[in-house]
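S.K.: generate coordinates for the sequence data below:
(one chain, ligands or ions: 2)
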Amino acid sequence: ELTQVPRRAEVDHNAIREATYLERVQKRDDSCLKAIKKRRLLARESKTIGVGDWNHGKDQDTLTTTGLATCYGVAITGNYDGGKTGDDRWLSHALEAERDPSEAMFDAVEEARNNGLKGLYALLVYPDASSFKNEDDWTDEDRKDVQDEHDWYVQWITDATGGVAPEEKGHDYKESWGIKINSFKGIQSGRFLHINVVKMTSQLQKSKLAFIGGGNMAAAIIGGLAAKGIDKQNICVSEPWEVNRNKMKEAGVRTTESNIEASKDADLLVIAVKPQVAKVVCQELAGAWAQRSATPLIISIAAGITLDSMKEWLKLADGRVPHIVRVMPNTPALVGEGASGLYADESVSSSEKDLATALLASVSKATEWVDREELIDVVTGLSGSGPAYFFAMVEHMIESATKLGLSQEQATRLAKQTCLGAGKMLVESTEEPSQLRRNVTSPNGTTAAALESFETSGFKDIVDKAVKAATSRGEELGKTLGKP
Ligand SMILES: NC(=O)C1=CN([C@@H]2O[C@H](COP(=O)(O)OP(=O)(O)OC[C@H]3O[C@@H](n4cnc5c(N)ncnc54)[C@H](OP(=O)(O)O)[C@@H]3O)[C@@H](O)[C@H]2O)C=CC1
Ligand SMILES: O=C(O)[C@@H]1CCC=N1
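M.R.: Ligands and ions are numbered 1, 2, ... in the order given. Here you go, the predicted structure:
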């Protein structure tokens, strides 16, 4: 799957690099881009994306977006230490909301370079002009404009990355795509990109989604999906409890009390009930699906419940077993900041995996497939339960500061923002968490005093035991609630 990126042209890179920002924009303006100027591309969809919709920056491995079909994306690789090339990456996108794609692309390359990435190679994802449909009023001239614009980007990236043309991937303008970059760390030499362009929302947007159980986690995922523009009428939630059902109704999705009704036309079905209820729900569904020629792809988020158990419970009378992906999401999915682990065995096809990835990537910034099922329990102990660890920490911090004299309100505002700021730095900074910690810790200062106190109280051990306890509880749930 590795493709060598050809060298396209000898250009004066220094001249381009040294050109002022305005000169570069001017160069691009003079070249073409009538389509953008006419705002045809931007006007094609009412939706726009913001910076927050993208994983962006160092060491990210996915670029995903939903709902915006005409986006350009650029993934840049290189290396940070001047040695090998191509094994580190910087991802960015070219079209941010109403921003000019070329400006965003300049920034992506500049940012990568400013962050010390050298020996740049790029992947350009572009809307494929040939897919613009006549019935949508696209003239040949429009197509040519877009093609010119595309050629300009290719040329510009070629220049800006040091004379290496980007690898290119086109996408149908009606579809949105994500870019997943696999195994970067394993790539030893430059000019290579190991990429897998994941078809994102087109299939997801067309799919009928059912949620069995409309509690906290279902609400978080659905809230995230709705924010990404998934048609709420394609989502049906079955929920026995009127209070939760009404919340779902208010959120605008279809609701029912009947699991079977919800699953009737589902392509994708999320089992979002408590682990204790998983067996009865699976058996009920399997019983009702005997006559169905095709069964939905099952996404189980129930902590601990193993694939073996679910396969047993979901087996139809004629022996067919629906395909199942085990997923461990977390509640920050609600604000599009989820972290999810996924596992499937060989019975699940790669397109089904892509669909599961698309669902979770819509609401998660980290979407990690693990290669052994037991690791889903570890993901549970880390990120599934993890948000609660930070909430508990913030609760304690507020309580301490309040006891020391700050008002509850001020302490709450300061603690919440501290957590958010630290989280943002963790995600956005190029430094390791340990270095960020050191940067706060002046020798013999206040932070050192606090960290010493943590250590004396066995902080590392406390965290280690807690993550292990959650992981073990996951395993235990699987064993006690599992088959037969
Ligand atoms: N909360 C979290 O942070 C995370 C949760 N999970 C997993 O997600 C699953 C759901 O957790 P969570 O959302 O917190 O739990 P909730 O209890 O909030 O939601 C489960 C919902 O399912 C309903 N329900 C009960 N029985 C049935 C049934 N037979 N058919 C359909 N719905 C039913 C419940 O109704 P009622 O209240 O009336 O019983 C409840 O509203 C769990 O398996 C959990 O392990 C995974 C990752 C993170
Ligand atoms: O506490 C639980 O069991 C679920 C699973 C992960 C987060 N909440």
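S.K.: quick check, the strand or helix carrying D461 touching ligand 2?
M.R.: Of the helices and strands defined by DSSP states H and E, D461 is found in helix 459-481. No. Against ligand 2, helix 459-481 shows no contacts by Cβ under 6 Å from any ligand atom, the least distance being 7.1 Å. Yep, even glycine has a C-beta here, placed from its N, CA and C like the rest.
S.K.: and that helix, what other elements does it pack with?
M.R.: If you count contacts as 3 or more Cβ pairs under 8 Å, 6 or more residues apart in numbering; DSSP states H and E, helix 459-481 packs onto helix 275-288, helix 374-379.
S.K.: who does the helix or strand harbouring T255 touch, helix- and strand-wise?
M.R.: Here T255, judged by DSSP H and E, is contained in strand 254-256. When contacts are defined as 3+ Cβ pairs under 8 Å, 6+ apart, strand 254-256 packs onto strand 235-238, helix 242-251.
S.K.: what's next to that strand, contact-wise?
M.R.: 214, 232-233, 235-239, 245, 248-249, 262 (Cβ atoms under 8 Å, 6 or more residues apart in numbering).
S.K.: mind running it again at 7 Å?
M.R.: 233, 235-239, 245, 248-249, 262 (Cβ atoms under 7 Å, 6 or more residues apart in numbering).
S.K.: just to revisit the earlier point, buried stuff in the helix holding D461?
M.R.: Going by neighbour count (16 or more other Cβ atoms under 10 Å), the buried part of helix 459-481 is 466-467, 470-471, 473-475, 477-478, 481.
S.K.: go on, stretch 338-347?
M.R.: 338-344.
S.K.: how about the stretch 151-300 of the chain: which residue is closest to ligand 1?
M.R.: Closest to ligand 1 within the stretch 151-300 of the chain is G215: 1.7 Å, counting by Cβ to the nearest ligand atom.
S.K.: give me the number of residues near the residue lying closest to that residue once chain neighbours are set aside?
M.R.: Spatial nearest neighbour of G215, excluding adjacent residues (Cβ to Cβ, 6 or more residues apart in numbering): N244 at 6.0 Å. Neighbourhood size, N244 [other Cβ atoms under 10 Å]: 18.
S.K.: N244 against N216, yeah?
M.R.: No. In this structure N244 lies outside contact range of N216 using Cβ atoms under 7 Å: 9.0 Å.
S.K.: which parts of this structure sit against ligand 1?
M.R.: 212-218, 238-241, 244, 259, 272-275, 277, 280-281, 301-303, 328-331, 384.
S.K.: show me which of these neighbour ligand 2.
M.R.: 303, 384.
S.K.: residues near V270, how many?
M.R.: V270 - counted by other Cβ under 10 Å - has 28 other residues nearby.
S.K.: tell me the pLDDT at it?
M.R.: On pLDDT, V270 comes in at 98.
S.K.: and it, how far from T357?
M.R.: Distance of V270 to T357, given as Cβ to Cβ, to the nearest Å: 14 Å.
S.K.: can you map out the strands along the stretch 201-350 of the chain?
M.R.: Here the stretch 201-350 of the chain has its strands, by DSSP state E, counting those that start in this stretch, at 209-212, 235-238, 254-256, 268-271, 297-300, 324-328, 338-343.
S.K.: I'd like those as JSON lines, with distance to S350 appended.
M.R.: Shown next, in JSON lines, are those (distance: least, Cβ to Cβ, whole Å):
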{"stretch": "strand 209-212", "distance to S350": "20"}
{"stretch": "strand 235-238", "distance to S350": "25"}
{"stretch": "strand 254-256", "distance to S350": "30"}
{"stretch": "strand 268-271", "distance to S350": "16"}
{"stretch": "strand 297-300", "distance to S350": "12"}
{"stretch": "strand 324-328", "distance to S350": "12"}
{"stretch": "strand 338-343", "distance to S350": "13"}
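S.K.: for K311, give me its contacts.
M.R.: 321, 324.
S.K.: rewinding a little: want to throw the helices and strands packed on helix 459-481 into a markdown table with mean pLDDT and mean neighbour count?
M.R.: Listed next are those as a markdown table, based on pLDDT from 0 to 100; neighbours: other Cβ atoms under 10 Å:
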| stretch | mean pLDDT | mean neighbour count |
| --- | --- | --- |
| helix 275-288 | 96 | 18 |
| helix 374-379 | 98 | 21 |
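S.K.: now distance to A450 too, for those helices, in JSON lines please.
M.R.: Formatted as JSON lines, the helices and strands packed on helix 459-481 follow (distance: least, Cβ to Cβ, whole Å):
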{"stretch": "helix 275-288", "distance to A450": "38"}
{"stretch": "helix 374-379", "distance to A450": "29"}
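S.K.: quick check, the residue in the chain closest to ligand 2?
M.R.: Ranked by Cβ to the nearest ligand atom, the top residue of the chain for proximity to ligand 2 is G384, at 3.4 Å.
S.K.: what bridges to the closest residue to that residue other than its chain neighbours?
M.R.: Sequence neighbours aside, M328 is the residue nearest to G384 in space, at 4.4 Å (criterion: Cβ to Cβ, 6+ apart). Beta-bridge pairing for M328 (DSSP bridges): G341.
S.K.: for D318, grab the count of nearby residues.
M.R.: Neighbour tally, D318, other Cβ under 10 Å: 7.
S.K.: pLDDT score for it?
M.R.: D318 carries a pLDDT value of 93.
S.K.: same question, the one 10 residues further on
M.R.: In the prediction, the pLDDT value recorded for M328 is 98.
S.K.: name the nearest residue to I299, ignoring sequence neighbours.
M.R.: Nearest residue to I299, sequence neighbours excluded (Cβ to Cβ, 6+ apart): V270, at 4.6 Å.
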